Every structure is written in C-alpha cells, then in structure tokens.
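Peer 1: got a predicted structure here, sequence first:
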Amino acid sequence: MLLWPDIIVRKPDSSEVLLAIEIKLGSVSAEAAMNPLKAYMVRQGCPAGIFVTPEEVTFLRNRYTSYEQDSIQTIAKCRTAELLGTFQGKTITESALVHLVEHWLENPGTGGRKSLPPDVTEAIESLVLPAVTEGGIQATGRRLQPTGS
C-alpha cells in the first residue's frame, strides 16, 4: 500500500513536493511507521520529511545517495510538546494533531525555537522554512476548520 502523507508542501504550479509530513498515533514502532514516509520521499524525490507522533517529532533529509530508503537520514528529533506545545494531559486525535502541525507550518516564526535543541533548529531553518516559504501547504486529508473559539 502506497502512502500519501497527511500534509505536503508543494512548489507552486508544480507537482514537486518540497516537504512531506506523516502523522501517526498508536502503538506501532516509530521506525516501522516511518518506512512508508521514507519510501514516499524516495519515490517523489522529496528533499525533506517530518514524522510526527504525540510523543516525538523526527526530521528527515533525503541525501539522494540511492533510490532506496537508506538514502533518507534522520537529522533531528525532539519531543512533540517542545515543538507544538503540550496537549495539557488530554488524549489527542490524529486529526487534531494534523491541525496543530498545519498551524505550526503556517506560522513558522511563532513558538520558541530558542528552546529547541540545536539540531532541531538547524533542521527547521535549513529544510522546513525554505519549503514553506517557497511552497504551498496542502493537507491531503480532510482539513479541520476553526470553530470560532
């Protein structure tokens, strides 16, 4: 089964994917769950990926050294709460986590990157910010709408 990531950042007027983001809940091992995202990145020639769980965010880079998943390198990790804020002890749904990631991508200057580990800050500055500045963010599933709160 081929993966279509939850969120992609695509170059305007192009099919080129600049950033692919997969969001997963559940008890599946993170490494096994990341394999479809890595395969997608290789297949699409996508330079960057982010794998998000309620506990951890993993930043991936395509080194373009082969047409296999081993060309995808983990370059940084952080706790999800460090990047997106806490869920205040509440159980979070996958669609709510997708919404939080979309909001973060749409407002990359907000939040405290100063408190993030240096490798995460580097991943954001070298991979994420250029992609969202150049491209358009697309939720590939149903996009949540604000409820007017």
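Peer 2: Received it, and whenever you're ready, just let me know what you need.
Peer 1: surely V120 is within a helix?
Peer 2: Yes - going by DSSP: H, G, I helix; E, B strand; the rest coil, the assignment for V120 places it inside a helix.
Peer 1: tell me who's in contact with it.
Peer 2: For V120, the set of contacting residues under the criterion of C-beta atoms under 8 Å, 6 or more residues apart in numbering consists of V57, F59, A76, K77, C78, E82, L83. The way it works is simple: take the backbone N, C-alpha and C, and place the C-beta from them, glycine included.
Peer 1: recalculate using a threshold of 6 Å.
Peer 2: Remark: with contacts taken as C-beta atoms under 6 Å, 6 or more residues apart in numbering, V120 is in contact with A76, C78.
Peer 1: isn't K77 right next to E55, touching?
Peer 2: No - using C-beta atoms under 6 Å as the test, K77 is too far from E55 to be in contact (10.3 Å).
Peer 1: which one's more surrounded, the two?
Peer 2: Each of K77 and E55 has its neighbours counted (other C-beta atoms under 10 Å); K77 has more, 15 against 10.
Peer 1: how far is stretch 36-49 from where the chain is centred?
Peer 2: Relative to its chain's centre, stretch 36-49 lies at 12 Å (C-alpha atoms, centre = their mean, to the nearest Å).
Peer 1: mean confidence for it?
Peer 2: With pLDDT averaged residue by residue, stretch 36-49 scores 95.
Peer 1: so which bits of that stretch are buried?
Peer 2: P36, L37, K38, Y40, M41, V42, Q44, C46, P47, A48, G49 (16 or more other C-beta atoms under 10 Å).
Peer 1: and the contacts of it?
Peer 2: When contacts are taken as C-beta under 6 Å, 6+ apart, the neighbours of stretch 36-49 outside the stretch itself are L3, V17, L19, A20, E22, F51, L60, R61, N62, Q69, I72, L127.
Peer 1: of those residues, which is the most crowded?
Peer 2: Most neighbours among those, by other C-beta under 10 Å: A20, with 28 neighbours.
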